[in-house]
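>>> below is the structure, and that's it, no one-letter string:
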């Protein structure tokens, strides 16, 4: 039922938000975890010097240097890159494979890193990157089983490692799916009014802020916020009880969702206050057309559970461009102006629509 339609944004195959940069997080872990492994192998090579131990230590040092380079690159980039992510995912497993192949038995303690890469890829970026990491790891295990002397002599160990990588990847893929579904459910609940299924204040604020800052916010692509207060709703509650009042709100929400354009956003602020954010309205005449549709929805609701009701709406309308012109930004200023207009509409009688004026944006 929720009608929040935001402009399409470019979708990436991995998580990225204003407050969390997973590429930077991963690059930082390369440096710190790699440095810890380098220290451990450096001490081992010093206590029990051998060609293999020294070679593994050098390869780990190479990985730490690679981690530092990726951290520097990511820190300078303002946007994520799927190509860069694919390259670094393959490079992680490849450098690890070189260490495992070079060290033989001495490098076996590094096997846990292969699974660490799998977990990091799946949890940070999703199934696609997990598949890339898994495929790279399996190719490496297969290559070691064919060409590396220790792994060729211990073929069951190579087969067990390959099956473990495959099994862990499949299980992680299932977990990533479930986690993604759970996150989507939580996000939906956080942005949805539980009574009506419409957007709530939190979701509306994000949409209004985006609409006010979008380059197309003026002209033919302008938006208007219509604040709706139901006249007569209190009488329904007092006469029939809150259960019938809730049914009335649900009936109004359902009818409104069917009547409004799919491009518009419908939200419930709480109580009997609703908002329609009408997108792509050129002037006040088009906004009034939207308001007339809202009034028509309420005119059609004459009973709830065979109980007669008479409910109308007082609507305060505010063009978002008016808020920008008044040097106001954010939903708070727009709602305040629309609220003042709505109360003027209420003073004129039932079923009226009034537009916010410049003075409505004043904070006094």
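Noted; the coordinates are in hand. Quick caveat: nothing in here was measured; it's all calculated off a predicted structure. Residues are numbered from 1 along each chain as shown.

>>> distance-wise, check residue 92 relative to residue 55.
Separation of residue 92 from residue 55 (C-beta to C-beta, to the nearest Å): 19 Å. The way it works is simple: take the backbone N, C-alpha and C, and place the C-beta from them, glycine included.

>>> just residue 296 next, same as before
79 Å.

>>> so for those two, which sits in the more crowded spot?
Between residue 296 and residue 55, counted using other C-beta atoms under 10 Å, residue 55 has the larger neighbour count: 19 against 11.

>>> what strand or helix carries the more buried one?
Element membership of residue 55 [criterion: DSSP states H and E] is helix 51-76.

>>> three-state assignment of the nearest residue to residue 313 once chain neighbours are set aside?
Nearest residue to residue 313, sequence neighbours excluded (C-beta to C-beta, 6 or more residues apart in numbering): residue 228, at 5.0 Å. Assigned with DSSP: H, G, I helix; E, B strand; the rest coil, residue 228 falls in the strand class.

>>> hang on, residue 228 packs against residue 312?
No: the pair residue 228 / residue 312 is not scored as a contact, 10.2 Å apart, by C-beta atoms under 8 Å.

>>> more neighbours: which of those two?
The neighbour comparison of residue 228 against residue 312 (other C-beta under 10 Å) goes to residue 228, with 28 against 19.

>>> so which bits of stretch 294-305 are buried?
Applying a neighbour-count criterion of 16 or more other C-beta atoms under 10 Å, one finds 294, 295, 297, 298, 304 buried in stretch 294-305.

>>> one more: stretch 128-142?
Residues 128, 129, 130, 132, 133, 134, 136, 137, 138, 140, 141 are the ones in stretch 128-142 that count as buried (16+ other C-beta under 10 Å).

>>> closest one of these to residue 25?
Checking the buried residues of stretch 128-142 against residue 25 by C-beta to C-beta gives residue 129 as the nearest, at 13.7 Å.

>>> pLDDT value on that closest one, please?
Among the per-residue scores, residue 129 shows a pLDDT of 90.

>>> which one is it nearest to, not counting chain neighbours?
Nearest to residue 129 is residue 121, by C-beta to C-beta, 6+ apart, at 4.5 Å.

>>> which SSE is the one you found in?
Per DSSP H and E, residue 121 falls inside helix 111-125.

>>> could you name the helices and strands sitting against that helix?
helix 22-47, helix 82-103, helix 127-147, helix 155-190 (3 or more C-beta pairs under 8 Å, 6 or more residues apart in numbering; DSSP states H and E).
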